[in-house]
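Colleague: Let's see this in three dimensions:
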Amino acid sequence: MNILNSRFNGLKQLAVDLKSEYQSGDPFPNIVIDDFFDEAVLDQMLAEFPDLSAKKQVNKFDGYNEKKLSTIGETYFGDVTKLVSHYLNSQPFLEFLQELTGIKEVLISDPYFDGGGYHEIKPGGFLKVHADFNKNNYTQLDRRINVLVYLNKDWQESYGGHFELWNEDMTKASKKILPLFNRMAIFSTTSTSYHGHPDPLTCPADRSRKSFALYYYSNGRPASELPKDDHLTLFVGRAGVKDDTTDPQFRTFKSRFKTAVRLLTPPIVFDAAKRILK
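Modeller: Have a look, this model is predicted:
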């Protein structure tokens, strides 16, 4: 079975041809490649995609900053999905990413699919703009690259669901990518590579936004990219959007709790609590 579109079989040369575009990407290194996979293979992969809302062993995020579903490991992968995912974790594709991105440290795939795998967003769902967690939970390696494969046939602009790449001061989305079938987005991940799908999905009730995600790591990263501290997902608000990533109910609770602490404790204890809640 040919996994890739026949015009992309020369991966090393493709990486050489595209690396300048990738590395100069705005607002951080990124690229979008259409029709990368053999269409028949991706058709089968889409046919295997389960309704994640009907499954038990999945991540079900339903909070202020994200409403989405994702798999845990390979539990619900079909045979073709396993074939494709194992290829994307293999030597040829890793070497492609290494050349494309220009990353000096050796890239390592994630057989655990920590946070990766099938992702599904139902109508009304979203994923606010964020920077990704920076360490793999299992290996503690440094997260460097995301690869997203979209599986949405006949997707209309009016459905929304654009994948947005935001500049560092959160004043604009420098790039918006419609999640079309057989479209692959690749981008570098740091603590300021802000991205997401922040507006609620407006597709018909019988549709959902489907994608397949893979993450790549290295043992160490450049000093210029090191965060102050290791972190989980960091949600960031869009400039001019009130309470974009902070639930106003939580803000009210926090304010009331700080007032109670101030009234009931000596000043020295209050100052310590204030620093914790800052």
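Colleague: Convert stretch 212-232 to PDB, retaining C-alpha atoms only.
Modeller: What follows is stretch 212-232, C-alpha atoms only, in PDB (Å, rounded to 0.1, in the frame of the first residue of the first chain):
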ATOM      1  CA  PHE A 212      -5.000  13.200  13.500                       C
ATOM      2  CA  ALA A 213      -2.100  14.700  15.600                       C
ATOM      3  CA  LEU A 214       1.500  13.600  16.000                       C
ATOM      4  CA  TYR A 215       4.100  15.200  18.200                       C
ATOM      5  CA  TYR A 216       7.900  15.000  17.900                       C
ATOM      6  CA  TYR A 217      10.600  15.500  20.600                       C
ATOM      7  CA  SER A 218      14.300  15.900  21.200                       C
ATOM      8  CA  ASN A 219      16.600  15.400  24.200                       C
ATOM      9  CA  GLY A 220      17.300  19.000  24.900                       C
ATOM     10  CA  ARG A 221      16.600  22.200  22.900                       C
ATOM     11  CA  PRO A 222      18.400  25.500  22.200                       C
ATOM     12  CA  ALA A 223      18.900  27.800  25.200                       C
ATOM     13  CA  SER A 224      17.000  30.500  23.400                       C
ATOM     14  CA  GLU A 225      13.900  28.300  23.500                       C
ATOM     15  CA  LEU A 226      14.100  27.100  27.100                       C
ATOM     16  CA  PRO A 227      11.000  28.200  29.200                       C
ATOM     17  CA  LYS A 228      11.500  29.600  32.700                       C
ATOM     18  CA  ASP A 229       9.700  26.500  34.000                       C
ATOM     19  CA  ASP A 230       8.300  23.300  32.600                       C
ATOM     20  CA  HIS A 231       4.600  23.800  31.900                       C
ATOM     21  CA  LEU A 232       1.400  22.200  30.800                       C
END
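Colleague: Show me how far it is from its chain's centre.
Modeller: Stretch 212-232 sits 13 Å away from the centroid of its parent chain (C-alpha atoms, centre = their mean, to the nearest Å).
Colleague: buried sites along that stretch?
Modeller: Applying a neighbour-count criterion of 16 or more other C-beta atoms under 10 Å, the buried positions in stretch 212-232 are 212-218, 221. Backbone N, C-alpha and C define where each C-beta goes, glycine included.
Colleague: Now it: average pLDDT?
Modeller: Across stretch 212-232, the average pLDDT comes to 95.
Colleague: Equivalent analysis for stretch 22-34, please.
Modeller: Stretch 22-34 comes out at a mean pLDDT of 98.
Colleague: What is the end-to-end distance of it?
Modeller: 14 Å (C-alpha to C-alpha, to the nearest Å).
Colleague: Likewise for stretch 54-72?
Modeller: Termini of stretch 54-72 sit 14 Å apart (C-alpha to C-alpha).
Colleague: what comes up buried for stretch 28-43?
Modeller: 28-33, 35-38, 41-43.
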